[in-house]
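A.B. asks: Mind looking at a prediction? Sequence and model below.
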Number of protein chains: 2
Amino acid sequence: MRVLGIDPGLTRCGVGIVEGSPGKPLTPVFHGVIRTAASAHIGERLDEIAQLLADYIRAYRPDAIAVERVFSQVNVSTVMGTAQASGVAILVGAQAKLPLSTYTPSEVKAAVSGSGRADKKQVQTMVARILRMSELPKPADAADALAIACCHIWRGGAKAKFDAAVIAAKAGIRQ
Amino acid sequence: MRVLGIDPGLTRCGVGIVEGSPGKPLTPVFHGVIRTAASAHIGERLDEIAQLLADYIRAYRPDAIAVERVFSQVNVSTVMGTAQASGVAILVGAQAKLPLSTYTPSEVKAAVSGSGRADKKQVQTMVARILRMSELPKPADAADALAIACCHIWRGGAKAKFDAAVIAAKAGIRQ
């Protein structure tokens, strides 16, 4: 199974693609960050994120998408942009008819490091170890996205199948 | 000028279309609410909102879009859904290449009622008066969306022209 992990953000949206299945070694396929200029109009920024995510889906054909859930943080203006970007990421996944799961930051950290309170460096280190990468994946948002994809493969295999079955059943009912 | 006002929300997304120009009487064109089931998957809900907003844009051909800005409220889980829906609304506007402005709830209230702290009933009453409607626009989310559109025509005419000029200039540079 190939999973596209997304760490949503308006200024930096982390993207990481991992292939594998529970109990087997995982392989990194791609990681990177979509950056949009703070000076650009919010509409342009969200459109750019949507277009690039759709491009990645077309290019890498993931079987599922996993998005980090947004929580209220200290900086309210940042969290709103993050939530808007996450809405767009979820929409792009739905438009591509891919099963989608969301995970909290602490679920992702716990999955790759054993601790829900791991810091960014620890997550990078563990992602590099799990995916047998010779260097730490950078920047941190891309490492987070890889961690989300790993988390989904390990934790979410069953959940993704369930979601896909629900979507298929609903599609059947509608026909 | 015809303006599509949007009061974003995941469970209820208000939509209101108003035609007019500053200093002239405004005319209501359409108002309603897009509802999505809380039991549905977040991806389906955002996709439904995106599809219906795109349908409204195709059907009513607005010249501009005005979206209410999301603020952190007491209920954090609700505000995240609202922010995700607003991200999708802004994306759909950008994809339709329409100039987009955002207004805070108090800017909208102040524009139609003279007070930034007007309650829902007051907004409905003033929207009905401004648009010479024989009945109060319902539900409240649809009335809010009409108020956002009125606010944009009165306050945002100049801003919309500026935004359109910026977008046109950027498009020119890219060609």
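C.D. replies: Great, that's in hand. Residues are numbered from 1 along each chain as shown, chains lettered A, B, ... in the order given.
A.B. asks: the helices in chain A, which residues?
C.D. replies: A:42-60, A:76-95, A:105-113, A:120-130, A:140-174 (DSSP state H).
A.B. asks: Name the stretch from those helices where average model confidence is lowest.
C.D. replies: Comparing mean pLDDT across those, the weakest is helix A:140-174, with a mean of 78.
A.B. asks: hmm, back to that, just send the helices of chain A back as a markdown table, with distance to chain B too.
C.D. replies: The C-beta positions use only the backbone N, C-alpha and C, and glycine is treated the same way. Formatted as a markdown table, the helices of chain A follow (distance: least, C-beta to the nearest C-beta, whole Å):
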| stretch | distance to chain B |
| --- | --- |
| helix A:42-60 | 3 |
| helix A:76-95 | 3 |
| helix A:105-113 | 14 |
| helix A:120-130 | 22 |
| helix A:140-174 | 7 |
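A.B. asks: how about A:Leu136, phi and psi?
C.D. replies: phi -70, psi 130 (degrees, to the nearest 10).
A.B. asks: That one contacts A:Ala142, correct?
C.D. replies: No. Assessed by C-beta atoms under 8 Å, A:Leu136 is found out of contact with A:Ala142, at 10.2 Å.
A.B. asks: and these two? which has more neighbours close in?
C.D. replies: A:Ala142 (24 against 15; other C-beta atoms under 10 Å in any protein chain shown).
A.B. asks: The nearest residue to the more buried one once chain neighbours are set aside: neighbouring residues, count only.
C.D. replies: Distances taken as C-beta to C-beta, 6 or more residues apart in numbering or on different chains place A:His31 nearest to A:Ala142, at 4.2 Å, with adjacent residues excluded. As a burial measure, A:His31 scores 24 neighbours (other C-beta under 10 Å).
A.B. asks: Go through the helices of chain A and name the closest to B:His152.
C.D. replies: helix A:42-60 (14.5 Å; C-beta to C-beta).
A.B. asks: Which strands and helices lie in contact with that closest one?
C.D. replies: strand A:2-7, strand A:12-19, strand A:27-35, helix A:76-95, helix B:76-95, strand B:100-103 (3 or more C-beta pairs under 8 Å, 6 or more residues apart in numbering or on different chains; DSSP states H and E).
A.B. asks: follow-up on the earlier one: the helices of chain A into CSV, with extra columns for distance to A:Ser21?
C.D. replies: Below are the helices of chain A laid out as CSV (distance: least, C-beta to C-beta, whole Å):
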stretch, distance to A:Ser21
helix A:42-60, 17
helix A:76-95, 20
helix A:105-113, 15
helix A:120-130, 14
helix A:140-174, 7
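A.B. asks: looking at those, which is buried most?
C.D. replies: With neighbours defined as mean count of other C-beta atoms under 10 Å in any protein chain shown, those peak in mean count at helix A:76-95, which reaches a mean of 24.
A.B. asks: Now do it: distance to the chain's middle.
C.D. replies: 12 Å (C-alpha atoms, centre = their mean, to the nearest Å).
A.B. asks: in the sheet, who's paired with A:Arg2?
C.D. replies: A:Glu19 (DSSP bridges).
A.B. asks: Check the burial of it by counting its neighbours.
C.D. replies: Quick note: A:Arg2 (other C-beta under 10 Å) scores 16 neighbours.
A.B. asks: I'd say it and A:Ile17 touch.
C.D. replies: Yes. Using C-beta under 8 Å, A:Arg2 makes contact with A:Ile17 at a distance of 6.5 Å.
A.B. asks: Any chance you could list residues touching both of the two?
C.D. replies: Taking C-beta atoms under 8 Å, 6 or more residues apart in numbering or on different chains as the criterion, A:Arg2 and A:Ile17 both touch A:29, A:60, A:62.
A.B. asks: what's the pLDDT at the nearest residue to A:Leu131 once chain neighbours are set aside?
C.D. replies: Using C-beta to C-beta, 6+ apart and skipping residues adjacent in sequence, the residue nearest A:Leu131 is A:Pro28, 4.3 Å away. A:Pro28 is assigned a pLDDT of 97 by the prediction.
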